[in-house]
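1. coords below, sequence missing:
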């Protein structure tokens with residue numbers, strides 16, 4: 001008697017070797033056998049009932065809305081095995097003492113990246129920063145809380161029309177907490193990876209985030225500050241690079 005699941009049988013039959021039937025947002029996406037096997041294991045481990053609509057699609061990852069058997073909703077982030085470049089990721093991994101003991105090569109760097117984002121999300125939430133809650137990771141897949149409603153995901157702050165003064169003040173506090181309490185620098189913070197959910201800014205995409213002890217931490221922090229001030233200044237918020245830098249580095253939360 002064959003008791004293999006339909007998905008497992010399709011994986012082994014190479015049904016998905018060349019294509020997946022997805023909507024236009026993800027047309028042309030290729031999932032290799034390793035990723036399909038990882039999806040299969042995650043579905044079993046976390047009791048996922050079905051994978052629903054894609055939330056976002058980027059060069060290095062794809063995020064799906066998924067429904068658990070308990071009827072709760074989650075977000076499933078799948079890092080693409082073929083496009084996450086070894087040279088780019090090593091800049092953010094090498095020098096981060098938290099991952100010094102990891103034996104990293106071109107074949108497993110994407111797995112370390114998923115673990116790194118999981119670890120960073122945990123650190124942010126532990127100090128009270130609004131960010132997705134991580135539930136687990138397996139190989140190149142991360143399961144986390146879904147930020148949004150049944151109608152769709154929470155918007156990026158760049159798509160909002162108002163409320164920027166309040167958002168900036170809350171984000172200013174989060175950046176202080178991130179640096180001084182979590183001991184992390186985002187390293188790619190901008191209006192593209194801050195969502196607006198339940199009247200608060202939520203920081204996302206922290207796979208590249210590094211320890212404040214990383215040799216490039218200061219450079220990354222300055223870049224984050226420049227990006228944030230540039231965006232909010234254009235939205236009419238009274239802010240400056242020097243003021244935000246001194247606030248974060250001053251060590252006293254306001």
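-> In hand now; what should we look at? Since we're looking at a predicted model, the values are computed, not measured. Residues are numbered from 1 along each chain as shown.

2. mind listing what the residue nearest to residue 61 when sequence neighbours are not counted touches?
-> Distances taken as CB to CB, 6 or more residues apart in numbering put residue 79 closest to residue 61, at 4.9 Å, once the chain neighbours are dropped. (Glycine included, C-beta is placed from N, CA and C.) Going by CB atoms under 8 Å, 6 or more residues apart in numbering, residue 79 touches 60-61, 110, 113-114, 140-142, 207.

3. If we use 7 Å, what do you get?
-> Residue 79 sits next to 60-61, 110, 113-114, 140 when contact means CB atoms under 7 Å, 6 or more residues apart in numbering.

4. all helices of the stretch 101-250 of the chain, in order?
-> Secondary structure of the stretch 101-250 of the chain by DSSP state H, counting those that start in this stretch: the helices cover 109-126, 164-180, 217-234, 241-250.

5. Please spell out which residues along the last one are buried.
-> Pointing back at helix 241-250 there. When neighbours are counted by 16 or more other CB atoms under 10 Å, the buried residues of helix 241-250 are found to be 244-245, 247-248.

6. and what of stretch 167-184?
-> Buried, per 16+ other CB under 10 Å, within stretch 167-184: 167-168, 171-180, 182, 184.

7. Could I get the buried residue list for stretch 215-230?
-> Buried positions in stretch 215-230, judged by neighbour count with 16+ other CB under 10 Å: 216-217, 220-221, 223-225, 227-229.

8. neighbouring contacts of it?
-> Residues outside stretch 215-230 that contact it (CB under 7 Å, 6+ apart): 95, 171, 179, 185-187, 189-190, 210-211, 239-241, 244-245.

9. Report pLDDT for the closest residue to residue 142 other than its chain neighbours.
-> Spatial nearest neighbour of residue 142, excluding adjacent residues (CB to CB, 6+ apart): residue 77 at 4.3 Å. Here the pLDDT value assigned to residue 77 is 94.

10. swap in the one 4 residues further on?
-> Confidence per residue is given as pLDDT, and for residue 81 that number is 71.

11. And for it, the neighbour number?
-> Residues lying near residue 81 (other CB atoms under 10 Å) number 19.

12. again with residue 133
-> 15.

13. ditto for the one 10 residues further on
-> Other residues lying near residue 143 total 22 when counted by other CB under 10 Å.

14. what are the bridge partners for it, then?
-> residue 76, residue 136 (DSSP bridges).

15. Please apply the same query to the one 10 residues further on.
-> Note on residue 153: beta-bridge partners by DSSP bridges are residue 148.

16. Confirm for me that it is in contact with residue 147.
-> Yes: if you go by CB atoms under 7 Å, residue 153 and residue 147 touch, sitting 6.4 Å apart.

17. got the contact list for the closest residue to residue 123 other than its chain neighbours?
-> Distances taken as CB to CB, 6+ apart place residue 182 nearest to residue 123, at 4.5 Å, with adjacent residues excluded. Counting by CB under 7 Å, 6+ apart, residue 182 touches 123-124, 127, 129.
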